[in-house]
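Participant: Using only what follows, build the 3D model:
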Amino acid sequence: QVQLVESGGGLVQAGDSLRLSCAASGRTFSSYAMGWFRQAPEKEREFVVGISWSGGTTDYSDSVKGRFTITRDNAKNTVYLQMTSLKPEDTAVYYCAADDVPYRIFISYTDYKYWGQGTQVTVSS
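Facilitator: Residues are numbered from 1 along each chain as shown. I've put the predicted structure just below:
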């Protein structure tokens, strides 16, 4: 089992950058593929990006491709989401998630077993 804690959210203006962090504790962090999801009010939770256990494979949603970058540091048990050129439509609660199939990236939130509490990102126009 793994515990996840996100941080780094906040209120920014359109065009700004923000970096989210997700710190993991518990079972060996490199045992998990990691994902970032987001959920805006009255919308379903949507996949943003995922990364395999080694960081060698990533998968981005079309809506963030070219603007967001996911990385992980297994020595620090942390996954990062660097967000640039933020838009008002990026406003949401961002969640990190872990799945214990380390080499695959799933895009459905139902495939992830472990979740953080979320961090709010608000982008003003």
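Participant: In three-state terms, how would the residue most central in space within the chain be classified?
Facilitator: Taking C-alpha atoms, centre = their mean, the centroid of the chain lies closest to Trp36, which sits 2.2 Å from it. The three-state assignment at Trp36 reads strand, by DSSP: H, G, I helix; E, B strand; the rest coil.
Participant: show me what contacts it?
Facilitator: By C-beta atoms under 8 Å, 6 or more residues apart in numbering, the residues touching Trp36 are Leu20, Cys22, Val48, Val49, Gly50, Ile70, Val79, Leu81, Tyr94, Tyr95, Cys96, Ala97. Every residue, glycine included, has its C-beta placed from N, CA and C.
Participant: Also Phe106?
Facilitator: Contact partners of Phe106, counting by C-beta under 8 Å, 6+ apart, are Ala33, Gly35, Gly50, Asp99, Tyr112.
Participant: Name the residues linked to the second one by a beta bridge.
Facilitator: Gly35 has the following beta-bridge partners by DSSP bridges: Gly50, Ala97.
Participant: Check whether it really touches Arg104, as I assumed.
Facilitator: No - if you go by C-beta atoms under 8 Å, Gly35 and Arg104 don't touch, sitting 10.8 Å apart.
Participant: Of these two, give the one with the bigger neighbour count.
Facilitator: Counted by other C-beta atoms under 10 Å, Gly35 and Arg104 do not tie: Gly35 has more neighbours, with 27 against 13.
Participant: And that one, how far from Gly15?
Facilitator: Note on Gly35: its distance to Gly15, by C-beta to C-beta, to the nearest Å, is 26 Å.
Participant: can you check Tyr109 too?
Facilitator: Applying C-beta to C-beta, the value for Tyr109 to Gly15 is 28 Å.
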